[in-house]
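Chemist: With the input below, show me the fold.
(2 chains)
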2 protein chains.
Amino acid sequence: MGVARIAIDAMGGDNAPQEIVSGALKAAREFQQLEIQLFGDQSQIEDLIGENKPANLQIIHAAEKINSDDEPVKAVRTKKQSSMVMAAKAVKNGEADAIISAGNTGALLTAGTLIIGRMKGIERPGLMANLPNVSSPGQSWLLIDAGANADSKPNHLLQYGIMASAYAKAVQNKLKPRVALLNNGTEASKGSELAKAAYQLLAAEESIHFTGNVEARELLNDAADIVVTDGFTGNAVLKSIEGTASTVMGAVKNAIVNGGLSTKLGGALIKSSLKSTMAAMNYETAGGAVLFGCHAPVVKTHGTATADTVFYAIEQTKTVIESGIIADLAARFEGDFAKQKQAQPVSK
Amino acid sequence: MGVARIAIDAMGGDNAPQEIVSGALKAAREFQQLEIQLFGDQSQIEDLIGENKPANLQIIHAAEKINSDDEPVKAVRTKKQSSMVMAAKAVKNGEADAIISAGNTGALLTAGTLIIGRMKGIERPGLMANLPNVSSPGQSWLLIDAGANADSKPNHLLQYGIMASAYAKAVQNKLKPRVALLNNGTEASKGSELAKAAYQLLAAEESIHFTGNVEARELLNDAADIVVTDGFTGNAVLKSIEGTASTVMGAVKNAIVNGGLSTKLGGALIKSSLKSTMAAMNYETAGGAVLFGCHAPVVKTHGTATADTVFYAIEQTKTVIESGIIADLAARFEGDFAKQKQAQPVSK
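Modeler: Below you'll find the model as predicted:
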């Protein structure tokens, strides 16, 4: 394949366009085998880039932007000239291989599904988040669906497991990624009707290494490489982990700051160790979450993304494109698609 | 009402019977207006109590016990002479007003539902856990259902909100407890089909102060006094919070222990501040979780409960009994029960 081409929504996120442009610029300079398309306000972006714009970085003017509080479906439908919608259309039209945005998550998921479109055979694209494995610093695990679909069926969870397993092999170089089902107990008989049915499907799927149920308590401690769940639970778990980590670290900081002189002195002494602990907990450094199951990767970085986060997300997306995983998955799910088509006349 | 009578499973939990008996003994001595019934191995319990057994503490011999890895329903059905089943039967027979156990959670929920039985009008008893409010140390919030029922209907969530609100008023002395629905966004239109339908019911219920949706990220930061959700999500959120808090605190500890001399020195200096931070995060000190919606409170303390945890759970349970909340709820749900009975002939 040729050079990877990434469409970037330069106007989405709390620190847009400054940090987005800055991260994109760094990536364009570092990776010659990469084409970056920045969608957003041309004059603002030009001012940020200044002289010496790299040849592999293009600016495509977008007159509008989608705000974080816009109603997602409405925004995608009505803001045709927004940076996000225009970037998604570039992917749909085959002018780019992936889209990255730090903007409105709901709108990005909508743009992925409505504009870029589902892969044939995929019933629901799932949002896959990369989270830290605290027992093995530097390692990470994937949570899918982290919140794309509030209501799910057993087969959606099976497809999440297959997609994430392929990703872990092709992009993260894990030879035999452990796929587990999030459940309220470890025994096979545990769970909701959905979890019980999904367990059976995952256990019967030969293309993945299914290791059974995991409980939410163990997630950060190397419980699995991939944790599959429905998007409502996944969203709640992701936000519980982020919220608790940030609250606990905040409480530790406060305890130090509000302590007496010796506590403050102690705090100063352990500062650098605490910083690396915090970094291990920071899922921003892991680059972003990917909506998987569309015709192209739809990458969401944190709303608070900095230039480094954006750079890392671009690097990760480049790896995904170059791995060829999208074509592999398309081939894999063609079979499911054929089966679904066969089944349709009967159910109609 | 007379003296509160509490049936305690002395053999359940990792530290049973020692810590259970020790906590019960302390409570019997501290509260004269309390009758404690300890179910378990008579000779073991007598040895632990030694001389001077308080008059308000009885020992009822139970020849068996339910283990933590026993299959819940089977264990409750077959181990008739177990300490947990005998304690539940004492409640059912009107000889005790509540049961406390640190043992097998599934078995306790089963014993509550099958032996003690649902309150008339309650469709599903819900497990209510007391969790710390980290922004306001000493304050707490209630999560219901924390895992009793893996599959739920909108009306179950409404009943959880009503029960927990009554508890917060009667037991925690909160005048106007804020009831919120856990959801994947704050807007009213957000969520799964279940969450959307539950939102409508909660918003229309006049006996509670419903404040709308909350996201899992805000739970520890005074998001609400009561957070309502289905038991599958509630279980995942509870365990995510516990697991993350414990993992992060462990990582902070490790960073200190494995650091250089100055880091170790710093760690020693901040030790006491860290300890109080940890205590604020420790949901054991909040006493336990209550299965609400049975004819009597079914109280679950942590499997690792110590004498202090047990003492605190007894004190909390005594308050619940003395508040008269169970009779109030029974009166409240009689109306729902009448409506359900009326509706039944039509649906049959």
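Chemist: could you give the mean pLDDT of the helix or strand hosting A:E19?
Modeler: For A:E19, the element it lies in under DSSP states H and E is helix A:18-30. For helix A:18-30, mean pLDDT is 97.
Chemist: Which other helices and strands does that helix contact?
Modeler: strand A:4-9, strand A:34-40, helix A:42-49, strand A:57-61, helix A:307-323 (3 or more C-beta pairs under 8 Å, 6 or more residues apart in numbering or on different chains; DSSP states H and E). Where C-beta positions appear, they are placed from N, C-alpha and C, glycine not excepted.
Chemist: Need the ones you listed in a markdown table (columns: distance to B:A180, mean neighbour count and mean pLDDT).
Modeler: As requested, these are exported to a markdown table (distance: least, C-beta to C-beta, whole Å; neighbours: other C-beta atoms under 10 Å in any protein chain shown; pLDDT from 0 to 100):
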| stretch | distance to B:A180 | mean neighbour count | mean pLDDT |
| --- | --- | --- | --- |
| strand A:4-9 | 32 | 27 | 98 |
| strand A:34-40 | 37 | 25 | 98 |
| helix A:42-49 | 39 | 16 | 97 |
| strand A:57-61 | 42 | 18 | 98 |
| helix A:307-323 | 31 | 22 | 94 |
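Chemist: can you pull out the helices in the stretch 51-200 of chain A?
Modeler: Taking DSSP state H, counting those that start in this stretch, the helices of the stretch 51-200 of chain A run over residues A:72-78, A:83-92, A:105-111, A:154-170, A:193-204.
Chemist: mind putting those in a markdown table, mean neighbour count, distance to chain B and mean pLDDT included?
Modeler: As requested, the helices of the stretch 51-200 of chain A are exported to a markdown table (neighbours: other C-beta atoms under 10 Å in any protein chain shown; distance: least, C-beta to the nearest C-beta, whole Å; pLDDT from 0 to 100):
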| stretch | mean neighbour count | distance to chain B | mean pLDDT |
| --- | --- | --- | --- |
| helix A:72-78 | 17 | 10 | 96 |
| helix A:83-92 | 26 | 18 | 98 |
| helix A:105-111 | 26 | 8 | 94 |
| helix A:154-170 | 24 | 13 | 96 |
| helix A:193-204 | 18 | 6 | 98 |
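Chemist: hmm, back to that, if you count neighbours, what's buried in the helix holding A:E19?
Modeler: By neighbour count on 16 or more other C-beta atoms under 10 Å in any protein chain shown, the buried set for helix A:18-30 is A:E19, A:I20, A:V21, A:S22, A:G23, A:A24, A:L25, A:K26, A:A27, A:A28.
Chemist: between these, which is nearest chain B?
Modeler: Chain B lies nearest to A:E19 out of the buried residues of helix A:18-30, by C-beta to the nearest C-beta, at 21.6 Å.
Chemist: so how far is stretch A:312-326 from its chain's centroid?
Modeler: Relative to the chain's own centre, stretch A:312-326 is displaced by 12 Å; criterion: C-alpha atoms, centre = their mean, to the nearest Å.
Chemist: same check, this time on stretch A:213-232
Modeler: That offset, for stretch A:213-232, works out to 16 Å (C-alpha atoms, centre = their mean).
Chemist: Stretch A:224-239 too?
Modeler: 12 Å.
Chemist: Okay, now it: how far is its last residue from its first?
Modeler: 19 Å (C-alpha to C-alpha, to the nearest Å).
Chemist: and it, average pLDDT?
Modeler: 97.
Chemist: List the buried residues for that stretch?
Modeler: Buried residues in stretch A:224-239 (16+ other C-beta under 10 Å): A:224-239.
Chemist: Contact partners for the most centrally placed residue in chain A?
Modeler: Compute the mean C-alpha point of chain A, and by C-alpha atoms, centre = their mean the closest residue is A:A289, 0.9 Å away. Applying C-beta atoms under 8 Å, 6 or more residues apart in numbering or on different chains to A:A289 gives the contacts A:L127, A:M128, A:A129, A:N130, A:A146, A:V299, A:K300.
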